[in-house]
Structure formats: C-alpha cells, structure tokens
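> Got a predicted model here, sequence first, then my questions.
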Amino acid sequence: PRQVAFALRAASRTAAIQEPRGTVELVWSGPSTGLVPIRHTEQVLCEVIESARHRIFLVSFVAYEVETIMKALQAAIGRGVRIDVLLEASKEHGGKVSVDSVGTMRDRIPDANVFVWTADGGKMTDGRPIGSVHAKCAVADGRIAFLTSANLSQAAMERNMELGVLVRGGHLPEELHRHLEALISTEMVETV
C-alpha cells in the first residue's frame, strides 16, 4: 500500500509540473499510415469550439460548406460564447477570393464579430499590396490553440491532406490570443 501511495503521489506531482507546459497533439486529415496516432481536423476544430466557455477566435482564408463547424459555432453562441472570426475578404470587397466567406459567416452566425485585413487601404507602408489572410487557427479562451493548414471548407475537412497541431495549456494559446486581440485593438483588422 505504501508503494502504491508513493506511486500515485509521484504521478500527481509529475502531472502538476507538466500541466503549465501544455501538451501538443498531431492533427491530420488525409491518408493514414497507421503508424502515428492522429485525429482529424474537423473533429479537433469542433472540440476546440465546444470547449470554449467565454471566447473563440477563428482565422481562415475562406469559410464555406462546413455545416458541422457552423453548428458548433451556433451552439457556442447559445452558450454565450463570444465568437471572433478573421477572414479574407472576397474580390468584390477588395480581397483575394471569389467566394464571399464574410457574407456566409454573417448570414450563418449573425452574432459573430467578423473581421478582415484591409489596414491602410489595402497597401503596406512601402506601397505594395497587402498579402492575404493565409493563417488558419482557432483559440478557445486563451487555453487551447489549434494551428492548422486547413481552411474552413468542406474540402479541407474531408478530402484534402491537412496538417495541424493542437496545443492545450502552456503559454502559446494565451500568446496567440493576445496577438489576435492586439490586431483588433490596433485596428490592423477591421470589423465588417
């Protein structure tokens, strides 16, 4: 009994030491080798959204044909979660994509705060055109961050080969949350 008690105390202490460091998990959509344990992009993204209690921040180049993600976001709104989404504007609105993801998001999740990157009228300080919103991530409450190659699209969730990492705890989710928040507060991104 003493050895079991010692082992349990040691495991508990190790877990307490490890928790602030966070955990990292591989996320993959595409062909499986069976050699590495993986989870699919759509499953992880829904989990991140469902874990949010106060706020979720999503960033994607596009957002369309992702019914499960839209349902998860609608459920989050129902729980009182603030949803911020940064998307690439359509060509019609000065962006670089033909699909109007901003309009789709506004229609499907009307309570979400939708942002686009058009600072300085679409020009960098040296006069060159600004690039596009190519980052893809989700951050829930500054506790969980999902960094991924996947857009918010059916193809990315179901057919494409996509890679990402899910980070729980540690400093990275909070740093990413603060960075995204600073893009808003410094007006680098604009509300649509």
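That came through fine.
> how near is the residue minimising distance to the centre of the chain to residue 91?
Taking CA atoms, centre = their mean, the centroid of the chain lies closest to residue 138, which sits 1.2 Å from it. Computed as CB to CB, to the nearest Å, the residue 138 to residue 91 distance reads 25 Å. All C-beta atoms are positioned from the backbone trio N, CA, C, and that covers glycine.
> So what's the residue count around residue 188?
Each residue near residue 188 was counted by other CB atoms under 10 Å, and the total is 13.
> mind checking the SS state of it?
coil (DSSP: H, G, I helix; E, B strand; the rest coil).
> Next one, pLDDT for it please.
The score at residue 188 is 91. That number is its pLDDT.
> For it, give me the backbone phi and psi.
phi -70, psi -30 (degrees, to the nearest 10).
> Report the contact partners of the closest residue in space to residue 177 that isn't next to it in sequence.
Nearest residue to residue 177 in three dimensions, chain neighbours excluded: residue 142, at 3.8 Å (CB to CB, 6 or more residues apart in numbering). Residues in contact with residue 142 (CB atoms under 8 Å, 6 or more residues apart in numbering) are 55, 173, 174, 177, 178.
> could you redo the last one with a cut-off of 7 Å?
173, 174, 177 (CB atoms under 7 Å, 6 or more residues apart in numbering).
> and it, how far is that from residue 54?
9 Å.
> cool, and residue 27?
From residue 27 to residue 54 the distance is 23 Å (CB to CB).
> swap in residue 150?
24 Å.
> the more surrounded of the two?
residue 150 (25 against 12).
> thinking again about what came up before, okay but the residue nearest to the centre of the chain is in contact with residue 63, surely?
No - assessed by CB atoms under 7 Å, residue 138 is found out of contact with residue 63, at 11.7 Å.
> Could you grab the helix/strand/coil label for residue 92?
Following three-state DSSP, we place residue 92 in the helix state.
> Report the beta-bridge partner residues of the closest residue to residue 37 other than its chain neighbours.
Nearest non-adjacent residue to residue 37, counting by CB to CB, 6+ apart: residue 26, 7.6 Å away. Beta bridges link residue 26 to residue 165, judged by DSSP bridges.
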